[in-house]
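# Just the structure for this:
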Amino acid sequence: MITAFAENLAHFVHGAAFMFFVSTSARLYPLRNRDNMMRILFVSMIFIAFLELKDICFLIPGVWADSYVSDLVMGVDMLYVPVMALFMFEVISPGWVRKWRAVGLLMPSVVLLLVYAFYPVEIMFKAMIVYAVVFGCLVLAIVFLASSRYDNYIRNNFSQLEGVSVSWVRRVILALFVCLALWAILMWKASWWGDALFYGVSIVIWMLIYHFSLKHAVVVSPGTLKIFPLREKPVQPDDLPPESYSPFVNKLQTCMEEKQLFLNSRLTLGDVAVAIGTNRTYLSDYLNRHLHTSFYEYVNRYRVQMARGLLISEERRSLAEIAERCGFNSLSTFNRAFLREVGQTPAKYVKNYRTE
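Reported below is the predicted structural model:
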């Protein structure tokens with residue numbers, strides 16, 4: 001009876017997964033031309049829906065009994081890994097995915113599958129599984145490291161992280177690793193309970209990916225996927241003497257304190273560099289090496305400083321109104337920045353001030 005329940009549960013979750021990917025593909029259809037990331041996500045959802053649909057072959061009498069056919073059907077799932085890789089690579093390095101690169105990532109899996117189809121020996125089936133697992137782990141490691149590099153670029157060039165940061169990718173990567181491990185286990189030893197868990201985890205993971213992708217704004221970051229990224233800069237920061245910054249240091253302070261450039265919620269490093277008459281390289285180097293801060297932290301420090309005054313002098317304003325007035329684009333960003341700079345939340349700061 002338990003076995004029957006597990007089988008029914010696996011079929012139910014499997015059907016739910018298929019419907020999820022089909023419905024999500026339909027929702028992504030109008031958005032597929034927004035950018036290359038959404039186009040790849042749209043195609044990925046259709047392909048994964050196909051992977052779910054092809055498992056209907058196991059309902060055909062005799063398929064389970066024929067190890068060659070069943071292994072071949074399950075082996076098609078190996079293509080899930082390069083498809084996942086293409087989407088993740090495009091997220092952390094916009095514009096990286098091209099047709100020839102997509103073919104290059106997919107080709108080894110396709111070749112292994114075709115070799116097994118014409119040369120069905122156990123060693124080839126195991127080779128497919130090992131390749132998929134090793135390649136998947138390598139992709140997850142690259143994406144995890146490259147996403148940190150991408151976010152470092154964002155922090156040094158933008159004053160807001162929401163919608164452009166890829167910190168969500170690192171959380172998804174951990175879940176994808178679990179999904180990959182489950183897939184590998186099921187390929188070695190099939191289990192109805194395992195199938196139900198795998199399909200359930202897949203739904204949750206891609207639901208999160210869909211959710212974050214809708215909010216994500218593509219920002220081109222040069223060299224994200226390069227293991228040894230080239231420094232495309234006119235000068236080497238190590239060679240810049242301190243006196244090189246003196247012409248714009250006072251202008252920078254004036255623009256931030258008197259002109260209050262930080263009130264622009266979309267302020268970028270390039271905007272400030274133009275305002276003070278220098279280039280992004282000199283300004284970024286000054287912030288990183290001499291002030292030991294990122295552009296994001298530098299700008300938000302001014303915003304928090306202004307907010308501290310408003311929290312005390314304008315008690316009738318809500319936290320959201322004060323956050324917007326100081327240049328923050330969301331209350332959550334305001335709370336995080338305030339906590340980092342002051343050591344307490346805005347609400348607690350006001351409460352302590354009134355108590356004192």
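
# Low-confidence regions, the protein specifically.
1-2, 58-65, 221-246, 314-315, 356 (pLDDT under 70).

# please redo it, this time with the cut-off set to 80
The chain contains residues with pLDDT under 80 at 1-3, 55-67, 69-70, 187-190, 220-248, 314-316, 353-356.

# longest single helix anywhere in it?
Longest helix of the chain, by residue count under DSSP state H: helix 122-155.

# isn't Asn288 right next to Asn156, touching?
Yes - the criterion here is CB atoms under 8 Å, and Asn288 meets it with Asn156 at 6.9 Å. Quick note: C-beta positions are derived from backbone N, CA and C, even for glycine.

# Pick out whichever of those two has more residues nearby.
Asn156 (19 against 15; other CB atoms under 10 Å).

# ok, how many other residues are close to Lys351?
Lys351 - counted by other CB under 10 Å - has 12 other residues nearby.

# That one and Pro120: what is the separation?
Distance, Lys351 to Pro120, using CB to CB, to the nearest Å: 71 Å.

# contacting residues around Leu112?
Met78, Met124, Ala127, Met128, Tyr131 (CB atoms under 8 Å, 6 or more residues apart in numbering).

# excluding its backbone neighbours, what's nearest Thr24?
Met45 (5.0 Å; CB to CB, 6 or more residues apart in numbering).

# now swap in Tyr68 and tell me
Counting by CB to CB, 6+ apart, Pro120 is the residue found nearest to Tyr68 once chain neighbours are left out, at 4.9 Å.

# SS state for that neighbour?
coil (DSSP: H, G, I helix; E, B strand; the rest coil).

# which neighbours do Asn288 and Asn156 share?
In contact with both Asn288 and Asn156: Ser294, using CB under 8 Å, 6+ apart.

# give me the element Val103 is part of.
Element membership of Val103 [criterion: DSSP states H and E] is helix 99-118.

# List the buried residues of that helix.
Neighbour-count burial for helix 99-118 flags Ala102, Leu105, Leu106, Ser109, Leu112, Leu113, Tyr116 (criterion: 16 or more other CB atoms under 10 Å).

# Check stretch 152-165 too.
Here stretch 152-165 shows Tyr153, Ile154, Arg155, Asn156, Asn157, Phe158, Ser159, Gln160, Leu161, Val164, Ser165 as buried, counting by 16+ other CB under 10 Å.

# and if you look at stretch 201-219?
Val201, Ser202, Ile203, Ile205, Trp206, Ile209, Tyr210, Phe212, Ser213, His216, Val219.

# residues making contact with it?
Outside stretch 201-219, the residues that reach it (CB under 8 Å, 6+ apart) are 13, 16-17, 20-21, 24, 27-28, 31, 35-38, 41, 45, 48, 87, 91, 94, 154, 158, 163-164, 166, 168, 171-172, 175-176, 178-179, 182.

# Output the helix or strand harbouring Leu208 as CSV, nothing but the C-alphas.
Leu208 belongs to helix 192-215 when elements are defined using DSSP H and E. Extracted C-alpha coordinates of helix 192-215, given in CSV (Å, rounded to 0.1, in the frame of the first residue of the first chain):
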residue,chain,number,x,y,z
TRP,A,192,9.0,6.6,-6.5
TRP,A,193,9.7,8.6,-3.4
GLY,A,194,12.8,10.0,-5.0
ASP,A,195,10.9,10.8,-8.2
ALA,A,196,8.3,12.8,-6.2
LEU,A,197,11.0,14.7,-4.3
PHE,A,198,12.9,15.5,-7.5
TYR,A,199,9.9,16.8,-9.3
GLY,A,200,8.8,18.8,-6.3
VAL,A,201,12.3,20.4,-5.8
SER,A,202,12.4,21.2,-9.6
ILE,A,203,9.1,23.1,-9.3
VAL,A,204,10.3,25.1,-6.4
ILE,A,205,13.7,25.9,-8.0
TRP,A,206,12.3,27.1,-11.3
MET,A,207,9.5,29.0,-9.6
LEU,A,208,12.2,31.0,-7.8
ILE,A,209,14.2,31.5,-11.0
TYR,A,210,11.1,32.7,-12.8
HIS,A,211,10.3,35.1,-9.9
PHE,A,212,13.7,36.6,-9.7
SER,A,213,14.2,36.8,-13.5
LEU,A,214,11.1,39.0,-13.8
LYS,A,215,12.6,41.5,-11.4
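
# Can you name the next helix or strand after that helix?
helix 246-257.

# And the contacts of that next one?
Leu261, Phe262, Val272, Ala275, Ile276, Gly277, Thr278, Tyr282, Leu283, Tyr286, Val299, Tyr302.

# Columns neighbour count and distance to Phe248 on top of those residues, output as JSON lines?
As requested, the contacts of helix 246-257 are exported to JSON lines (neighbours: other CB atoms under 10 Å; distance: CB to CB, whole Å):
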{"residue": "Leu261", "neighbour count": "20", "distance to Phe248": "13"}
{"residue": "Phe262", "neighbour count": "24", "distance to Phe248": "17"}
{"residue": "Val272", "neighbour count": "25", "distance to Phe248": "10"}
{"residue": "Ala275", "neighbour count": "17", "distance to Phe248": "10"}
{"residue": "Ile276", "neighbour count": "19", "distance to Phe248": "5"}
{"residue": "Gly277", "neighbour count": "9", "distance to Phe248": "6"}
{"residue": "Thr278", "neighbour count": "19", "distance to Phe248": "5"}
{"residue": "Tyr282", "neighbour count": "20", "distance to Phe248": "7"}
{"residue": "Leu283", "neighbour count": "22", "distance to Phe248": "7"}
{"residue": "Tyr286", "neighbour count": "20", "distance to Phe248": "8"}
{"residue": "Val299", "neighbour count": "27", "distance to Phe248": "16"}
{"residue": "Tyr302", "neighbour count": "18", "distance to Phe248": "17"}
